[in-house]
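Engineer: Sequence and predicted structure, then a few things I'm wondering about:
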Amino acid sequence: QQQVKQSPQSLIVQKGGISIINCAYENTAFDYFPWYQQFPGKGPALLIAIRPDVSEKKEGRFTISFNKSAKQFSLHIMDSQPGDSATYFCAASGQAGTALIFGKGTTLSVSS
Amino acid sequence: DTEVTQTPKHLVMGMTNKKSLKCEQHMGHRAMYWYKQKAKKPPELMFVYSYEKLSINESVPSRFSPECPNSSLLNLHLHALQPEDSALYLCASSHSGANTGELFFGEGSRLTVL
């Protein structure tokens, strides 16, 4: 019940295309859903995050869609660029004092 | 630029060595974390300090020993490590208490155990 399932494991998208990464969770106590972006040799960096009281959040080319009833959330990267090539981790957190749970990650390659 | 600074960036040690990883943040955050990350895997939580007290220890072997000298500093002392402990060790901080989700990560210390 503590897992966050992420798919796909890897993704290849053409420049200018839309990248979509999906995550699903079971624990209804989760109330914060961040996405992290990690480039090779670097630490993860917070990209965008959402709470369950909204169904969508957009920041520039990055959008999180959240479906509370289905217990799913997804990251959409519009107009994907080669510089977006990185590993993306979804995550979930619940009540204070418990650990942030990461998905297994998606390696995105944007071809030019 | 990351505001969580980790040193050293790379460390090679033998199984009998004692070494330390260091982490520093000046964002006034009150929770600090150590994560271990293997290649192509998500970060794996090791320890959490909240208000300078150890609040989470994810059953980490005693050859890893954390220390939080003050609210800005976090150390990870390493002793008698095994080759399978080779990984990227990430430090992170968050504004208050353990687990707000908004973690700020350092660039990591790449550890190789021979």
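Structural biologist: Great, that's in hand. From a predicted model like this one, the values you see are computed outputs, not experimental measurements. Residues are numbered from 1 along each chain as shown, chains lettered A, B, ... in the order given.
Engineer: Please settle this for me: is B:E84 part of a strand?
Structural biologist: No. B:E84: not assigned to a strand; according to DSSP: H, G, I helix; E, B strand; the rest coil it is helix.
Engineer: which ones are touching it?
Structural biologist: B:E84 is in contact with B:V113, counting by CB atoms under 8 Å, 6 or more residues apart in numbering or on different chains. Yep, even glycine has a C-beta here, placed from its N, CA and C like the rest.
Engineer: Show me which residues of chain A sit near chain B.
Structural biologist: A:32-34, A:36, A:41-46, A:49, A:87, A:89, A:91, A:93-100, A:102-105, A:107 (CB under 8 Å from any CB of the partner chain).
Engineer: Can you select the buried ones from those residues in PyMOL?
Structural biologist: Paste this into PyMOL to select the buried members of these, with burial taken from 16 or more other CB atoms under 10 Å in any protein chain shown:
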select buried, chain A and resi 32+33+34+36+42+43+44+45+49+87+89+91+93+94+98+99+100+102+103+104+105
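Engineer: so of the residues of chain A next to chain B, which ones are in strands?
Structural biologist: Per DSSP state E, strands hold the following members of the residues of chain A next to chain B: A:33-34, A:36, A:45-46, A:49, A:87, A:89, A:91, A:102, A:107.
Engineer: Return the member of those residues nearest to chain B.
Structural biologist: The closest of those to chain B turns out to be A:F102 (CB to the nearest CB; 3.7 Å).
Engineer: Tell me the bridge partners for the closest one.
Structural biologist: For A:F102, the beta-bridge partners are A:A91 (DSSP bridges).
Engineer: One more: A:I12?
Structural biologist: A:S109.
Engineer: residues in contact with the lowest-mean-pLDDT helix or strand in chain A?
Structural biologist: Averaged element by element with mean pLDDT, DSSP states H and E, chain A has its least confident helix or strand at strand A:101-102 (a mean of 92). For strand A:101-102, contacts defined as CB under 8 Å, 6+ apart pick out A:2-4, A:25, A:30, A:36, A:89-93, B:42-43.
Engineer: can I get the residues you listed in TSV with distance to B:S72 and pLDDT?
Structural biologist: Output for the contacts of strand A:101-102, formatted as TSV (distance: CB to CB, whole Å; pLDDT from 0 to 100):
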residue	distance to B:S72	pLDDT
A:Q2	31	72
A:Q3	34	89
A:V4	31	95
A:Y25	33	95
A:F30	30	89
A:Y36	23	96
A:F89	26	97
A:C90	30	97
A:A91	25	94
A:A92	28	92
A:S93	23	86
B:P42	27	95
B:P43	21	95
